[in-house]
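**Q** Coordinates for the following, if possible.
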Amino acid sequence: MRYHFIAIAGSAMHNLALALHHLGHDVSGSDDEIVEPAKTRLAKVGILPEKTGWFPEKINADIDAVILGMHARADNPELAEAIRKKIKVFSYPEFLYEHSKNKTRVVIGGSHGKTTITSMILHVLKTSGINFDFMVGAQLEGFDTMVKLSNDAKVIILEGDEYLSSPIDRRPKFHLYHAHIGLISGIAWDHINVFPSLEIYEEQFRIFAREIPDDGKLFYCLNDATVKTVCEAEDVKALKSGYTIPKHSIKNGKTVIYDDRNNEVPLQIFGEHNLMNLEGARMVCNAIGISNDEFYSAIRSFKGAARRLELLSESNQFAVFRDFAHSPSKLKATLEAVRKQFPERKLIACMELHTFSSLNENFLEEYNGTMDEAEVAVVYFNPKTIEHKKLPPITSEKIFKSFGRSDIKIMNDSIQLMNYLNSEDKQQVVYLMMSSGTFDGLDLKSFAERLSTSHQGV
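**A** Below you'll find the predicted structure:
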């Protein structure tokens with residue numbers, strides 16, 4: 001088959017393009033901006049567009065289907081040409097469903113935790129030697145791509161994002177996968193540019209739960225009252241099973257859980273949310289044929305998904321973590337996890353306001369109290385990002401009021417941020433850097449290594 005990708009350089013899109021290329025299909029694409037790692041990865045297999053931009057002449061009768069990415073606009077000239085020539089246009093979730101019609105579809109949804117749970121399941125399946133297809137929203141250790149497709153795998157594991165499917169399809173992605181086995185990890189209002197009220201946002205999860213068939217399975221977090229209400233509703237017909245935090249302890253800064261025989265299972269991850277994620281992953285793995293013994297054996301070596309409480313540098317008295325946390329619920333949960341794991345250390349927490357929701361002055365009040373666990377709290381934002389998203393400017397006074405603490409540090413220059421963090425006392429300290437962005441291109445890994453080097457000289 002021949003597939004053309006409109007907006008091929010997106011994170012999910014270029015991984016799907018690579019997966020189809022590896023499966024033997026003819027792949028082409030276009031984009032108006034191509035950055036790393038997509039640029040190098042597409043070039044390596046010979047499917048990097050020669051020039052950036054949109055070229056309607058690429059859309060010809062030899063193309064079997066077009067796959068449309070969210071980065072493209074509804075008036076994209078290549079899209080218009082595909083419609084004019086009556087070529088089938090898929091969003092990438094639509095395409096994944098088409099590919100997996102004859103497979104068992106496992107869909108992991110939730111406002112937070114879905115990438116981690118999906119990653120745990122993939123790690124366990126791979127370690128156990130199971131053949132499976134997948135799509136996950138982060139690059140994982142041991143996996144070459146974020147998407148794998150095959151003709152012979154009987155199951156596909158899909159991270160179920162609730163955001164829009166494409167510029168011309170405003171349905172949430174996880175509705176299009178039609179799950180046989182589903183999981184909802186948590187519900188906390190997000191994406192206010194698409195779901196302007198909490199009620200509208202919650203309804204997307206109600207639809208997801210209702211559409212799992214009677215002979216399907218739905219796993220859900222009992223610790224989230226909203227999730228519990230949504231999943232235990234009478235109109236949800238799937239077999240329902242709730243999960244919570246498993247028995248665990250913290251020994252010398254390391255977390256252990258206990259298996260069916262009360263044996264210790266040491267983990268490389270920590271935090272109550274991660275433990276709940278692990279329990280959800282275990283139940284999904286049970287549902288697709290993995291025993292508890294197999295699960296506990298495999299999960300010992302799971303290091304976490306990229307940018308999810310990812311350890312960048314560590315010594316006996318010093319650590320730097322990077323996390324994807326950006327919404328209020330994610331922010332609060334991440335700080336609480338780090339505080340509980342390192343109760344004796346000073347916590348220096350820095351978060352970037354980067355998403356549409358976090359930069360919206362009407363949504364900022366949702367962050368009240370979310371950084372209270374940190375001794376030092378820093379909020380970073382770039383005014384140019386606000387301008388790009390066509391939002392009203394945010395004042396320092398608004399940030400002070402929204403976060404509910406007058407001692408919060410507010411910065412909008414990455415060099416200033418690095419200098420400030422490096423000036424803090426590094427004895428018995430944990431740095432926590434949280435963003436869905438990059439702090440304006442800050443190389444956090446190199447920064448963490450420099451912090452560690454300067455710490456050794458203290």
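
**Q** low-confidence ranges in the protein?
**A** 306, 426, 452-458 (pLDDT under 70).

**Q** Look through it and tell me its longest helix.
**A** Secondary structure of the chain per DSSP state H: the longest helix is helix 272-287.

**Q** which strands and helices sit next to that helix?
**A** strand 104-109, helix 114-127, strand 181-184, strand 217-221, strand 239-243, strand 254-258, helix 292-299, helix 328-341 (3 or more Cβ pairs under 8 Å, 6 or more residues apart in numbering; DSSP states H and E). Just so you know, the C-beta spots here come from the backbone N, C-alpha and C atoms, and that holds for glycine as well.

**Q** got the contact list for whichever helix or strand comes after the last one?
**A** What it means is helix 328-341. Using DSSP states H and E, the helix or strand that follows helix 328-341 towards the C-terminus is strand 346-352. Residues outside strand 346-352 that contact it (Cβ atoms under 8 Å, 6 or more residues apart in numbering) are 325-326, 331, 335, 338-339, 371, 373-381, 417, 421, 424-425, 428-437, 439.

**Q** In contact with the residue nearest the centre of the chain, which residues?
**A** Most central in the chain under Cα atoms, centre = their mean is residue 115, positioned 4.5 Å from the mean C-alpha point. Counting by Cβ under 8 Å, 6+ apart, residue 115 touches 136, 137, 138, 159, 305, 308, 324.

**Q** One more: residue 33?
**A** With Cβ under 8 Å, 6+ apart, residue 33 has these contacts: 9, 52.

**Q** Before we go further, it is sitting in a strand, right?
**A** No. The assignment for residue 33 by DSSP: H, G, I helix; E, B strand; the rest coil gives coil, which leaves it out of any strand.

**Q** for it, phi and psi?
**A** phi -150, psi 130 (degrees, to the nearest 10).

**Q** Likewise for residue 65?
**A** phi -160, psi 150.

**Q** tally of neighbours for it?
**A** 16 (other Cβ atoms under 10 Å).

**Q** so who does it touch?
**A** 1, 3, 4, 87, 88, 89, 90, 95.

**Q** how many other residues sit next to the fourth one?
**A** Right, the one you point to is residue 87. 18.

**Q** if I look at it, how far off is residue 49?
**A** According to Cβ to Cβ, to the nearest Å, residue 87 stands 18 Å off from residue 49.

**Q** Then the third one?
**A** Distance, residue 4 to residue 49, by Cβ to Cβ: 11 Å.

**Q** and if you look at the last one?
**A** With distances taken as Cβ to Cβ, residue 95 is found 19 Å from residue 49.

**Q** same thing with the first one?
**A** In this structure, residue 1 and residue 49 are separated by 19 Å, where distance is defined by Cβ to Cβ.

**Q** re the thing from before, out of the contacts of residue 115, list just those in strands.
**A** residue 159 (DSSP state E).

**Q** Just send the contacts of residue 115 back as a markdown table, with neighbour count too.
**A** As requested, the contacts of residue 115 are exported to a markdown table (neighbours: other Cβ atoms under 10 Å):
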| residue | neighbour count |
| --- | --- |
| 136 | 26 |
| 137 | 19 |
| 138 | 19 |
| 159 | 27 |
| 305 | 25 |
| 308 | 25 |
| 324 | 22 |
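
**Q** export the contacts of residue 115 to JSON lines and tack on distance to residue 231?
**A** Formatted as JSON lines, these follow (distance: Cβ to Cβ, whole Å):
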{"residue": "136", "distance to residue 231": "23"}
{"residue": "137", "distance to residue 231": "22"}
{"residue": "138", "distance to residue 231": "25"}
{"residue": "159", "distance to residue 231": "19"}
{"residue": "305", "distance to residue 231": "24"}
{"residue": "308", "distance to residue 231": "24"}
{"residue": "324", "distance to residue 231": "24"}
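
**Q** Just the ones in helices from the contacts of residue 115, please.
**A** Using DSSP H, none of the contacts of residue 115 sit in helices.

**Q** any idea which of the contacts of residue 115 is closest to residue 388?
**A** residue 324 (20.5 Å; Cβ to Cβ).

**Q** So that closest one is in contact with residue 432, correct?
**A** No. Here residue 324 does not reach residue 432: they are 11.8 Å apart, not a contact under Cβ atoms under 8 Å.

**Q** that older thread, for residue 1 and residue 49, indicate the residue with more neighbours.
**A** Between residue 1 and residue 49, counting by other Cβ under 10 Å, residue 49 is the more crowded of the two (20 against 11).

**Q** Does the more buried one belong to a helix, a strand or coil?
**A** With three-state DSSP as the criterion, residue 49 reads coil.

**Q** That one: what's it in contact with?
**A** Counting by Cβ under 8 Å, 6+ apart, residue 49 has contacts 8, 28, 29, 30, 31, 34, 42.

**Q** Against residue 247, how distant is the residue lying closest to residue 292 once chain neighbours are set aside?
**A** Nearest non-adjacent residue to residue 292, counting by Cβ to Cβ, 6 or more residues apart in numbering: residue 260, 5.5 Å away. In this view, residue 260 and residue 247 are 11 Å apart by Cβ to Cβ.

**Q** List just the nearest of the contacts of residue 65 to residue 107.
**A** For the contacts of residue 65, the nearest to residue 107 is residue 95 (15.1 Å; Cβ to Cβ).

**Q** Could you verify that that closest one is part of a helix?
**A** Yes. Counting by three-state DSSP, residue 95 is found in a helix.

**Q** Show me how the record splits this structure into domains.
**A** 2-91, 100-299, 310-456 (automatic domain parsing).

**Q** next one: the shortest one to chain centre, how far?
**A** Translated: domain 2-91. Here domain 2-91 is found 23 Å from its chain centre; the criterion is Cα atoms, centre = their mean, to the nearest Å.

**Q** for residue 157, what are its contacts?
**A** Counted by Cβ under 8 Å, 6+ apart, residue 157 has contacts 106, 108, 118, 121, 122, 125, 132, 133, 134, 135, 136.

**Q** now residue 414
**A** Counted by Cβ under 8 Å, 6+ apart, residue 414 has contacts 380, 439, 440, 441, 442.

**Q** which two in those residues are spaced the farthest apart?
**A** Pairwise across the contacts of residue 414, and taking Cβ to Cβ, the largest span is found between 380 and 441, at 12.4 Å.
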